[in-house]
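J.: Whatever this is, show me its structure:
(2 chains)
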Protein chains: 2
Amino acid sequence: MTLLADGVDTPAPLGGPSALCDALGMQLGIIGGTGPAGRGLAVRAALAGHEVVIGSRDAERAAGVAAEIVGRHPHHSLAISGAANEDAATAALVVVATPWEGAVVTAKGLAEALEGKVVVSMVNALMKEGREMLPLYPPRGSMAAQLAAALPGSWLAAAFHHLPARDMEDLDSGIEADVLVCGDHPEAKAEVGALIDTIDGLRSIDAGSLAQASPIEAFTAVCITINIRHKAHSTLRLAGI
Amino acid sequence: MTLLADGVDTPAPLGGPSALCDALGMQLGIIGGTGPAGRGLAVRAALAGHEVVIGSRDAERAAGVAAEIVGRHPHHSLAISGAANEDAATAALVVVATPWEGAVVTAKGLAEALEGKVVVSMVNALMKEGREMLPLYPPRGSMAAQLAAALPGSWLAAAFHHLPARDMEDLDSGIEADVLVCGDHPEAKAEVGALIDTIDGLRSIDAGSLAQASPIEAFTAVCITINIRHKAHSTLRLAGI
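T.: The predicted structure follows:
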């Protein structure tokens, strides 16, 4: 364990600069990546030149989804493959994109593969009520905090919550969005921020500690509700920064 | 009580279109209006031609703050006066801008004056921890819900949470921000939206029911934390809507 200047205990240091380098051509695993959120990130990250492994409990299903995505974009060379979550978890940087109900149990089962690694939670605990989405507040405040507790050997960050999944997956739709990144490990946030900034139309913003994951995740409910109500595909922007 | 189509019990109907009309030259009372958030709204609303009464527990203090604000803008004719909260509560539309700790008790004391009226909560329950703001979740989910319960005869809406107070008060700073409005009464939201849309640089967005006030209020912590961390005065914008 390393002790940072601010007194926070951290997991073992990252594997060194060679692991993630300058975020060019990064290897990205997306646990539970066959859903809309995971697929959207996979497409945009692959378009930026990263090698993406979509993970699923069902490796065949993941391979099918990956092939379908690649086939839908014949004019782009997208390095997207599908695999079991266990294999996606061996990537240099891993994003958890499962439905919230299964996120912690899934992550715990992968804890060993995720040790010493940056893990990004894009999980939102939400419920639908009529034409609105409402936030659920997990006992530790956020799904990211639940995952951080489940993966004490990993470097948890949270990001990608407010992106409209369909627009992410549709390369014909221009997307201009700010992506809020929070976490307790500056190095992990820097890695995630570097990844985000390689993706066209996305800008990373350091939004503070992992405590901010609670309001960031919850605000996803507002973004989706506004889009339902206004039949829009709006994205979050912060002006003046 | 009126029963809306969606089965929500509502307070007595609003006083009729004459009360607030088309939001031009509206009379606006700001309970607890001497703080930064209230002052910022007062200046921008007065600049838009509305008559603003800044309320305080201490009428003299309110009058002093109002005179100071008006004096600081000699080239504008701003109709801002100061009064006791009881007098501010007699305005056609009333905004609650007190610190969160006193909001419910203050509002309860004004319940009679606020009956049958649109009341807008801009209250955020936040705590500071080092260089971050963190959201506190009130037992009913939001301060707006706490106020709605305290004022069963009023039409509660929530708005104005994410605006940077100093930029609101400084007329030399251009401000471009989306203001999320939520509430259970469509008429109340429409009145608040109309008010917002008269203010230069602000755009109102209907963000759904009062349940959305919980994540909207909480997200204020993220906005402030980002501004502290990046030494910025950022504002929230939604692109694509």
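J.: How about the secondary structure of the spatially closest residue to A:G208 that is not a sequence neighbour?
T.: Spatial nearest neighbour of A:G208, excluding adjacent residues (Cβ to Cβ, 6 or more residues apart in numbering or on different chains): B:T225 at 4.3 Å. The way it works is simple: take the backbone N, C-alpha and C, and place the C-beta from them, glycine included. Look at B:T225: counting by DSSP: H, G, I helix; E, B strand; the rest coil, its state is helix.
J.: so what's A:G240 up against?
T.: Contacts for A:G240 were tallied using Cβ atoms under 8 Å, 6 or more residues apart in numbering or on different chains; they are B:A232, B:H233, B:S234, B:T235.
J.: Pick the one among these closest to B:E51.
T.: B:T235 (25.9 Å; Cβ to Cβ).
J.: confidence score at that closest one?
T.: pLDDT for B:T235: 95.
J.: and which of the contacts of A:G240 is nearest to A:S56?
T.: Distance to A:S56 across the contacts of A:G240 (Cβ to Cβ) is lowest for B:S234, with 37.5 Å.
J.: so the closest one makes contact with B:I226?
T.: Yes: contact criterion Cβ atoms under 8 Å: B:S234 and B:I226 qualify, at 6.1 Å.
J.: Overlap of the contact sets of those two?
T.: With Cβ under 8 Å, 6+ apart, B:S234 and B:I226 have common neighbours A:L238, A:I241.
J.: low-confidence ranges in chain A?
T.: Counting by pLDDT under 70, chain A shows low-confidence ranges at A:1-24.
J.: Please settle this for me: is A:R203 part of a strand?
T.: Yes: residue state for A:R203 (three-state DSSP) corresponds to a strand.
J.: what residues are up against it?
T.: By Cβ under 8 Å, 6+ apart, the contact set of A:R203 is A:A177, A:D178, A:V179, A:I196, A:D197.
J.: if we go to 7 Å?
T.: A:D178, A:V179, A:D197 (Cβ atoms under 7 Å, 6 or more residues apart in numbering or on different chains).
J.: any idea how far the closest residue in space to A:L114 that isn't next to it in sequence is from chain B?
T.: Nearest non-adjacent residue to A:L114, counting by Cβ to Cβ, 6+ apart: A:S154, 4.7 Å away. Remark: distance between A:S154 and chain B (Cβ to the nearest Cβ, to the nearest Å) = 22 Å.
J.: Number of residues surrounding A:S154?
T.: Counted with other Cβ atoms under 10 Å in any protein chain shown, residues neighbouring A:S154 total 25.
J.: Also A:E68?
T.: Using other Cβ under 10 Å: A:E68 sits among 13 other residues.
J.: do the same with A:P139
T.: 7.
J.: on that earlier part again, what's the local residue count around the residue nearest to A:G208?
T.: 26.
J.: What segments of chain A are strands?
T.: Along chain A, counting by DSSP state E, strands occupy A:2-3, A:9-10, A:27-31, A:51-56, A:80-84, A:93-96, A:118-121, A:126-129, A:132-135, A:155-158, A:177-183, A:202-206, A:235-239.
J.: okay, those in CSV with distance to B:D172 next?
T.: Compiled in CSV, those are given as follows (distance: least, Cβ to Cβ, whole Å):
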stretch, distance to B:D172
strand A:2-3, 46
strand A:9-10, 44
strand A:27-31, 45
strand A:51-56, 47
strand A:80-84, 50
strand A:93-96, 43
strand A:118-121, 40
strand A:126-129, 41
strand A:132-135, 37
strand A:155-158, 37
strand A:177-183, 26
strand A:202-206, 26
strand A:235-239, 17
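J.: Which among those is found nearest to B:G116?
T.: strand A:132-135 (26.7 Å).
J.: now the closest one: how far from the chain's centre is it?
T.: 20 Å (Cα atoms, centre = their mean, to the nearest Å).
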